[in-house]
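Peer 1: When you get a sec, could you give me coordinates for this:
(chains A and B)
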Amino acid sequence: MRAFTYERASSVEAAAKAAASNPEAKFIAGGTNLLDLMKLEIETPTHLIDVNDIGLDKIEPTQDGGLRIGALVRNTDLAAHETVRRDYGLLSRALLAGASGQLRNKASTAGNLLQRTRCPYFYDTNQPCNKRQPGSGCSAIGGFSRQHAVIGTSEACIATNPSDMAIAMRALDAVVETVKGDGSRRAIPIADFHRLPGDTPHIETVLEPGEMITAVVLPPPIGGRQIYRKVRDRASYAFALVSVGAVIQSNGTGRIAVGGVAHKPWRVEAAEAELPNGARAAAHVLLADARPTEENRFKVELVERTLAAVVSEARG
Amino acid sequence: MQSPNQLEISRRDLLISSTATVAVTGVAADGAAAQSAGKIMDHTTKVSFTVNGERRDLDLDNRTTLLDALREHLHLTGTKKGCDHGQCGACTVIIDGRRINACLTLAVMHEGDQITTIEGLGEPGNLHPMQAAFIKHDGFQCGYCTPGQICSSVAVLEEIKANIPSHVTGDLTRQAHVTPAEIRERMSGNICRCGAYSNILDAITEVAGTRA
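Peer 2: Numbers count the residues shown, from 1 in each chain, chains lettered A, B, ... in the order given. Okay, the predicted model is just below:
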C-alpha cells in the first residue's frame, strides 16, 4: 500500500472542503472495497478523509412519505431497518444477498454505490485494463469473460457493476444526494448515476472530483411483491452471474432491474411494459441489444429464466 | 526456544519502525501536498481504543490495518491473517458488538472503539461457551480459521437475537430464529479449508440451544 496522510472529518462541509483542496484525496467510510484496492495499489490516494463521524448514519422519513438513508448507514443496519423490511423489501433482500455478515457490518450505503468492478483483469495489475489504466486495452475481451457484461458494453470495457444494492435502488427509483467542495448540493436520479463504459470506462459515475454522497432517498413505497433473485456459483457469499430485482403488482405490471449483465443496473421501461405478456416477452426487450461473448452467452437465457422464476413467485 | 521468538518480534518491530521513518521523511519532502485545512499532516496518526477491556494508545503508520495493529503492535496473534482481502474471515474480530474483517479496516479509524479478539472471549481454564463447544464438537482441524470462526459465531447469535435478518430469513417482518440454514448462511464469510463445517454447525447449534 502506498503511503497517505489521514484526517478525521468533523462535518459534511469540512469533508467536502478537504476533498476539494486535494485532487488526490479519497473519502473513506467502511473501507471494505477501497482498502482492498489500495493494498493492490489499484487505488493510490495520497490522502484519506475519514467520513465515519460526520452524522450521516441516520435513516429518516422524508416529508412526502419516502425515506432518506444517510450515506454512512451500514448495509446491515439498512437491511434490518423496520421500515425498509416492511415497505422496501426488495432493498433488504438485495443487501442480504450481497457479501458476508462481516462486510455488511462495515460497508456503507454510499460506498456500496461506488464499489468498483470485480473483473479479474481489473484486479490483476500485470494485465492491460482500460478501467485501471486508460488506453492500455481490455483483457476481458477475448479473455475469460464468463462473469462479464452482455449489454451496454463497449470496445474498451465489458466489466459489470457488482452491487446487489444498486439493483434494488434502481428498481425503487432512488435519488442520490451529494455535496461539492463549494457547498453546493444536487440530487441525481439513480438512473443517471452510473455510466456505461463507452471509451472512458475508468469514469464510473457522474460524480465530479471531490463530490460526496450525503444520502440516498427512496420515494414513497409502491407496494407490490418485492423480490430479489440472485443466481451465483455458490449459495452464499458470491457475486451475481445474473440477478433480478422486481416489484410486481397484483395486476401483473411492475418494475424490473437486472444485475450482473451490464456496467450499471440494467432497467428498460419498454421491457416492463411487456411484463403482463410474460417473462419471455419482457426479457426479449430488456436484452434486445445484447452483445454477449462466447463465454457469457448463457446469461441472456439465464436472465429470461430468472425473470420467469420471479414472475412465478410473485403470482404465487 | 525463547530466543528465536524474541528475535522474531524485535525484527518485526524494527521493520515497522523503519517503515514509519521512511513515511515521515516522505512528508518532509512533500509537505505542501500534505496540508489540508491549515494543518500539516504526516503519515502517522495517534489512536486510542480498548482491546479486550484494556485501553491501548498507539501511534501508527496510517497504512496499518487493525489486523496488523493487533498482531504486530499489540502481539495479540490469536487473530489470524488469511487472505488479507476480506474473503476468508480468519481475521474476524468484534467491535462494539459487531463482527468485522480486521484486515479491511485501518487501525486509525477505530478511535474510542471497544474491540474484542479471541483472547478476550476466553482463556485456558475459563473458556467462552463457544470455545468449549468447538472443542467438544471438534469444530476444526488445523485450527487456523478457528479464532475467526469463533468470533463470528458469537456475533452471529447476537445478530439473530437483535433481529437482524439474513438471506435465508423467510419473512422479513418477523423475528429470525436460529436454524441450521440461518447459521450456515450467516457463517458464509468464514472459510474453513479443512472442511470442519458440519462440526462447526453442531458447536454453534449447541451454544444457541443452551442459551435459548
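Peer 1: Chain B: strands as residue ranges?
Peer 2: B:35-36, B:39-40, B:44-51, B:54-61, B:92-95, B:98-101, B:114-116 (DSSP state E).
Peer 1: Which one of those strands lies nearest to residue A:18?
Peer 2: strand B:35-36 (5.1 Å; Cβ to Cβ). Every C-beta, even on glycine, is put in place using the N, C-alpha and C of the backbone.
Peer 1: For the residue in chain B that chain A sits nearest to, give me the pLDDT.
Peer 2: Nearest residue of chain B to chain A: residue B:189, at 2.5 Å (Cβ to the nearest Cβ). The model reports residue B:189 with a pLDDT of 98.
Peer 1: Mind telling me what element the residue lying closest to residue A:43 once chain neighbours are set aside is part of?
Peer 2: In space, residue A:43 comes closest to residue A:37 once its chain neighbours are excluded; the distance is 4.0 Å by Cβ to Cβ, 6 or more residues apart in numbering or on different chains. Residue A:37 is part of helix A:34-39, with elements assigned from DSSP states H and E.
Peer 1: now that helix, how far from the chain's geometric center?
Peer 2: 18 Å (Cα atoms, centre = their mean, to the nearest Å).
Peer 1: Do any residues in the next helix or strand after that helix lie close to chain B?
Peer 2: Sequence order places strand A:47-50 as the next helix or strand after helix A:34-39, per DSSP H and E. Yes. Against chain B, strand A:47-50 shows contacts by Cβ under 8 Å from any Cβ of the partner chain at A:47, A:48, A:50.
Peer 1: which of those residues has the most neighbours?
Peer 2: residue A:48 (24 neighbours; other Cβ atoms under 10 Å in any protein chain shown).
Peer 1: residues touching that one, list them.
Peer 2: Counting by Cβ atoms under 8 Å, 6 or more residues apart in numbering or on different chains, residue A:48 makes contact with A:4, A:5, A:6, A:7, A:25, A:26, A:27, A:28, B:62, B:106.
Peer 1: So which of these are in strands?
Peer 2: Those of the contacts of residue A:48 lying in strands (DSSP E): A:5, A:6, A:7, A:25, A:26, A:27, A:28.
Peer 1: any idea how far the residue most central in space within chain B is from residue B:71?
Peer 2: With distances taken as Cα atoms, centre = their mean, chain B has residue B:93 as the residue nearest its mean C-alpha position (2.6 Å). Residue B:93 sits at a distance of 11 Å from residue B:71 (criterion: Cβ to Cβ, to the nearest Å).
Peer 1: Pull up the overlap in contacts between those two.
Peer 2: residue B:79.
Peer 1: which of the residues of strand A:47-50 next to chain B lies closest to residue B:48?
Peer 2: The closest of the residues of strand A:47-50 next to chain B, once distances to residue B:48 are taken by Cβ to Cβ, is residue A:50, at 15.2 Å.
Peer 1: Find the residue closest to that closest one in space, skipping its chain neighbours.
Peer 2: Counting by Cβ to Cβ, 6+ apart, residue A:50 lies nearest to residue A:8, which is 4.6 Å off, once chain neighbours are set aside.
Peer 1: same check, this time on residue B:148
Peer 2: Nearest residue to residue B:148, sequence neighbours excluded (Cβ to Cβ, 6+ apart): residue B:92, at 3.9 Å.
Peer 1: Residue B:156 is in contact with that neighbour, correct?
Peer 2: No. Between residue B:92 and residue B:156 there is no contact under Cβ atoms under 8 Å: 10.3 Å.
Peer 1: shared neighbours of the two, which are they?
Peer 2: By Cβ under 8 Å, 6+ apart, the residues touching both residue B:92 and residue B:156 are residue B:99.
Peer 1: which one of the two has more residues nearby?
Peer 2: The residue with more neighbours, out of residue B:92 and residue B:156, is residue B:92; 32 against 25, by other Cβ under 10 Å.
Peer 1: Bridge partners for that one, pull those for me.
Peer 2: residue B:101 (DSSP bridges).
Peer 1: Now do it against residue A:207, distance only.
Peer 2: 32 Å.
Peer 1: And residue A:93, by the same measure?
Peer 2: In terms of Cβ to Cβ, residue A:93 sits 27 Å off from residue A:207.
Peer 1: Those two - which one has more neighbours?
Peer 2: Neighbour totals were compared for residue A:93 and residue A:207, and residue A:93 leads with 23 against 17 (other Cβ under 10 Å).
Peer 1: quick one: contacts for that one?
Peer 2: Applying Cβ under 8 Å, 6+ apart, the residues near residue A:93 are A:168, A:226, A:227, A:228, B:167, B:172.
Peer 1: Name the helix or strand for the closest residue to residue A:143 other than its chain neighbours, please.
Peer 2: Once flanking residues are discounted, residue A:143 sits nearest to residue A:121: 6.5 Å by Cβ to Cβ, 6+ apart. Per DSSP H and E: residue A:121 is located in helix A:120-123.
Peer 1: Residues in contact with that helix: which ones?
Peer 2: A:40, A:42, A:116, A:127-129, A:131-132, A:138-140, A:143-144, A:147, A:159.
Peer 1: Any quick PyMOL command for the buried ones out of those?
Peer 2: Buried members of the contacts of helix A:120-123, defined by 16 or more other Cβ atoms under 10 Å in any protein chain shown, are picked up in PyMOL with:
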select buried, chain A and resi 40+42+116+127+129+131+132+138+139+140+143+147+159
